[in-house]
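J.: What follows is a protein structure lacking sequence information:
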């Protein structure tokens, strides 16, 4: 099996993991990036207020997404790009929660994607002082990108997986996960997942629960 997958990165408007406001994607075929895409997203209603903390991370504000597609419309584009690929993300639990919880907020069916985490792979393949995305990407030979630009982050994630697969001699994502001692997971769409609704300025606990702090250090 060839090294095929789609790397994905979401940015969120606030402390709700349902508040997707941008997405970046990078398609890998036979161990090479062959296509990229990215879009701004109108976060689902009730999750559409932009917190200054999040804006400070990615630079996006409510005015930037006024003319963007809604989550329901954008979901079709995401699925069309990724197809049946395994999804890969750096700190994948956060990005998969965004996908699942944004769908829960809008009533859309969440695709049951299989996924792997480049952060977990990096921790078992590289020896670094920090496993934040910029440090790991630099080790993989992909440096000087704009962190928290979702397309750039998806590209960085893709290059980490490509480099890690080369280092361990893995031919595909499943073999890479096995070599790195990392579990391949699947989005569980058969179980209800609580959605955090933003109602006030985020607290540290709310941010930690929602994954925004994880995104900030990814």
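T.: Thanks, I have it. These numbers were taken from a predicted model, which means no experiment stands behind them. Numbering: from 1, shown residues only.

J.: Now do the same for the nearest residue to residue 125 once chain neighbours are set aside: its pLDDT.
T.: Counting by Cβ to Cβ, 6 or more residues apart in numbering, residue 164 is the residue found nearest to residue 125 once chain neighbours are left out, at 4.5 Å. No exception for glycine: its C-beta is placed from N, CA and C like everyone else's. pLDDT for residue 164: 98.

J.: and the helix or strand hosting residue 164, what does it pack onto?
T.: According to DSSP states H and E, residue 164 maps onto helix 150-168. Secondary structure elements in contact with helix 150-168, counted by 3 or more Cβ pairs under 8 Å, 6 or more residues apart in numbering; DSSP states H and E, are strand 5-12, strand 20-29, strand 32-42, strand 87-89, helix 118-125, helix 133-139, helix 173-180.

J.: and among the ones you listed, the most buried is which?
T.: strand 5-12 (a mean of 29; mean count of other Cβ atoms under 10 Å).

J.: Let me know which of the helices and strands packed on helix 150-168 is the nearest to residue 56.
T.: strand 5-12 (11.8 Å; Cβ to Cβ).

J.: ok, so what distance separates the nearest residue to residue 27 once chain neighbours are set aside from residue 153?
T.: Excluding the flanking residues, the one nearest residue 27 by Cβ to Cβ, 6+ apart is residue 35, at 4.3 Å. According to Cβ to Cβ, to the nearest Å, residue 35 and residue 153 sit 16 Å apart.

J.: bridging residues for residue 87?
T.: Legend: beta-bridge partners of residue 87 under DSSP bridges are residue 6, residue 115.

J.: Wait, it touches residue 10, no?
T.: No. Using Cβ atoms under 8 Å, residue 87 is not in contact with residue 10, being 11.0 Å away.

J.: Quick check: neighbours shared by the two?
T.: The contact sets of residue 87 and residue 10 overlap at residue 95 (Cβ atoms under 8 Å, 6 or more residues apart in numbering).
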